[in-house]
Every structure is written in C-alpha cells, then in structure tokens.
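Colleague: Pasting the sequence and the predicted model now:
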Amino acid sequence: GAVVSQHPSWVICKSGTSVKIECRSLDFQATTMFWYRQFPKQSLMLMATSNEGSKATYEQGVEKDKFLINHASLTLSTLTVTSAHPEDSSFYICSAGEGAANEKLFFGSGTQLSVL
Amino acid sequence: GESVGLHLPTLSVQEGDNSIINCAYSNSASDYFIWYKQESGKGPQFIIDIRSNMDKRQGQRVTVLLNKTVKHLSLQIAATQPGDSAVYFCAENRASGGSYIPTFGRGTSLIVHP
C-alpha cells in the first residue's frame, strides 16, 4: 500500500517555542491531507483538512493561528504548532488520501509532542 | 455519534477465539466505511473497507458487517492472535465538496491473552 512518512516521531520543546511537523506521501500524490490530534486512550480528532495550493479547512474549535498548515506541494503538508504550551502536548497524526475522492487513507506514524 | 473524550471500551479474548468489535455511526448519508488498527505509539493501519451497497465483506481472517438500518458496523476477527492486540477504530466517510471527510468512531481496545 501507499506510504505516508511523518517527522519527527517525537519532539520535546519549551513553552513558547514553535514546532513544525512534516507529512509526506512517498509514492503517490495527495491533493488532500488530514491532520488529527489524539489524546491517550481516545479517538482521533480531525483538526483540519489540508488542500494543496489553497487554504486549509479547520474543524470547529481549532485555532487557525495556533495550528498553521501549509500544503505547498502534492507530496508535502506541514503542521506548525505556534507558541506551544503544555496543553498542546498530544499525539499528532497526519493522513493522505488515495483515490479520486481520497477515501482510502494512509496514515503517518504520528508525532508525540511534549511541551515543557 | 462520536464519544470523543471518553475512555476506550476494552474487549479481552483468549488466543484462538473469534473477536467481534462493534461500532455505531452517526450519519445516515455516509456511504463508505473503513476499519483501522492502531498499535501503541503508531498511526492507524487500514484493515478492511466496505461500501454502503454491501452488507458483508471478507478479508484474510477479518469480516466486516454493515447494517444500514440501525447504522451499525462490526469487525469480526477469526482465530485471534496476540499480534491482533491493538485499538480498532471504525471510520465513516461523508462526502464534502467532491471528496470524502473521514470521522472516526470511539475505538475499542482489543486485548488478546495467550
């Protein structure tokens, strides 16, 4: 199946710094990628839909200025957590859709963010 | 609908038993469903999918059943193995602007005892 690469796998940062997470589709082009947040023992919460060449679509309650998304090419989307605080600590996962309606999703391995 | 914020239900089985994991979905307009397996610290992996024009689909050791009348989905795992221990999520796909937006269910933690 298709491969989605997500980096870094984990990051520890100080409060107030910004952290960038990359999501790459390695063997297919993805016009749409999705970013999720997951707390321990809970489900994946969709944060935003990243569209290549246009603005991301954010879910209700997700701060656009806090979680900056850039999808500059058909194989790369980035999520930047700006001015991170301890409450932003979480597991962040990206996915990319394959197929005409990107119905079949392939997921990155996730990024564990810990903000001190 | 989703129960995000609540802890995951757990299903414990013995190795070799069959497992059945259930999922209720919320949107009657959803027409494509996927089961994912997520191991600790990793991203979800695709297991099997089913479209709304079917009520059953089989894969290797797994079967998905869809009951649109009651908006219920189930995943059956035959001869469960310790390597099947993971969290299982169902995802319903809703159409939005020509593409699908997935919504994940609550998830079930499967524990397989040797």
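Modeller: That came through fine.

Colleague: When you work out contacts or count neighbours from here on, use the C-alpha atoms and nothing else.
Modeller: Noted.

Colleague: For chain A, which segments are assigned as strands?
Modeller: A:4-7, A:10-13, A:19-25, A:32-38, A:44-51, A:57-58, A:67-73, A:76-81, A:90-98, A:104-107, A:111-115 (DSSP state E).

Colleague: Give me the helices and strands touching the shortest one, please.
Modeller: So that's strand A:57-58. strand A:44-51 (3 or more CA pairs under 8 Å, 6 or more residues apart in numbering or on different chains; DSSP states H and E).

Colleague: how about stretch B:37-50: buried residues?
Modeller: B:Lys37, B:Gln38, B:Lys42, B:Gly43, B:Pro44, B:Gln45, B:Phe46, B:Ile47, B:Ile48, B:Asp49, B:Ile50 (16 or more other CA atoms under 10 Å in any protein chain shown).

Colleague: and those near chain A, which?
Modeller: With CA under 8 Å from any CA of the partner chain as the criterion, those include B:Lys42, B:Gly43, B:Pro44, B:Gln45, B:Phe46 near chain A.

Colleague: Okay, now the unreliable bits of chain A?
Modeller: A:1, A:99-102 (pLDDT under 70).

Colleague: ok, now chain B?
Modeller: For chain B, the ranges with pLDDT under 70 are B:1-7, B:98.

Colleague: change it to 80
Modeller: Chain B contains residues with pLDDT under 80 at B:1-8, B:94-101.

Colleague: Show me where it has its strands.
Modeller: B:10-14, B:19-24, B:32-38, B:45-51, B:56-58, B:62-67, B:72-77, B:86-96, B:99-104, B:108-113.

Colleague: Who are the packing partners of the third one?
Modeller: With contacts defined as 3+ CA pairs under 8 Å, 6+ apart, the secondary structure elements packing on strand B:32-38 are strand B:45-51, strand B:86-96.
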